[in-house]
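Peer 1: Sequence first, predicted coordinates after that:
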Amino acid sequence: LSLYSSPARETKYVENPQTELEEGVSRLRHAMEPYTAWCQVYNALCSDFFSEGYEFLQKPPAGFYPRLGVIGFAGIIGLFLARGSKIKKLVYPASLMGIATSMYYPQQAVAIAKVAGTQLYDWSLQGYIAVESLWKDN
């Protein structure tokens, strides 16, 4: 038993009022919430992609680095040949790297060419239809 009696405590929680800075940060956090959720998803996908890429580079297939060197060198030659024009600087390296890549990976090049050909056909057909409808309207 205690010798002294303690008075009953009446506690009351009082929250400090938010400052203008805290209110601004709170509004900013609520406004950015959808974007941060998107960034978290993006970060998870990228981390998976880069971890798989890192594992691939740790144990590459036979002849991967020499092929990568030839493809990169083709891009450098394309940059060297494309002096003067900005369009050439985009087209030449990409074209030469594409040609070098298709020499080493012919099945993948054929698959990509088929998809690109179908897309190009679809786009040209849509353009033709648009021009034809404009021509008929006038």
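Peer 2: Received it, and whenever you're ready, just let me know what you need.
Peer 1: for S102, what are its contacts?
Peer 2: A109 (Cβ atoms under 8 Å, 6 or more residues apart in numbering). C-beta: built from backbone N, CA, C; applies to glycine.
Peer 1: now E22: how far from R29?
Peer 2: The gap separating E22 from R29 is 11 Å, by Cβ to Cβ, to the nearest Å.
Peer 1: Near Y4, how many other residues are there?
Peer 2: Other residues within reach of Y4, judged by other Cβ atoms under 10 Å, total 4.
Peer 1: what helix or strand does it sit in?
Peer 2: Using DSSP states H and E, Y4 sits within no helix or strand.
Peer 1: How about P66?
Peer 2: For P66, the element it lies in under DSSP H and E is helix 64-81.
Peer 1: And that helix, what does it pack against?
Peer 2: helix 86-104 (3 or more Cβ pairs under 8 Å, 6 or more residues apart in numbering; DSSP states H and E).
Peer 1: Hmm, L96 is touching F80, no?
Peer 2: No. In terms of Cβ atoms under 8 Å, L96 does not count as a neighbour of F80; the distance is 10.1 Å.
Peer 1: In terms of packing, which of the two has more residues around it?
Peer 2: Neighbour count, other Cβ under 10 Å: between L96 and F80, L96 has more, with 20 against 10.
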